[in-house]
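# Have a look at this prediction, sequence included:
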Amino acid sequence: MAREYVIDNLKNFWAQGDLVTLTFDRLVPADGQAEPVGEVVVKLTMKGQNLVNMTSALNNILEKIKEKNAEPKEEKEIDTNKTQEQS
């Protein structure tokens, strides 16, 4: 079974040759400090092409989320226009 990691930031990006490493961290409270401190949670190492493919997949997901969130706004604008026309 795959592990699940909760992350807050992309802490570091490292590339050498055909390999890329992404380091992600989680912000945790630190004793005596007002600001939380980043603690490395996971490192992903992959070939550059796999990063390109992953980026493309994430962009597609974000585009679908954007389209889904835009639909209710468009409906509200149409309803507002109908109300104004009826007045």
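Arrived safely, thanks for sending. Keep in mind that this is a model prediction, so the values were computed, not measured.

# For the helix or strand harbouring Glu39, name the packing helices and strands.
Using DSSP states H and E, Glu39 sits in strand 37-47. Taking 3 or more CB pairs under 8 Å, 6 or more residues apart in numbering; DSSP states H and E as contact, the helices and strands that strand 37-47 lies on are strand 9-16, strand 19-28. Just so you know, the C-beta spots here come from the backbone N, C-alpha and C atoms, and that holds for glycine as well.

# and Leu62, which of those is closest to it?
strand 9-16 (15.3 Å; CB to CB).

# what stretches of this protein score poorly on pLDDT?
72-87 (pLDDT under 70).

# switch the cut-off to 90
The chain contains residues with pLDDT under 90 at 1, 29-37, 68-87.

# which one of the helices and strands packed on strand 37-47 is the most hemmed in?
strand 19-28 (a mean of 16; mean count of other CB atoms under 10 Å).

# what residues does that strand touch?
5-15, 36-48, 51 (CB atoms under 8 Å, 6 or more residues apart in numbering).

# by how many degrees do the strand holding Glu39 and strand 9-16 diverge?
40 degrees (axes from the mean of the first three to the mean of the last three CA atoms, to 10 degrees).

# Note down every partner strand of strand 37-47 and its orientation.
In the sheet, strand 37-47 lines up against strand 19-28 (antiparallel) (DSSP bridges).
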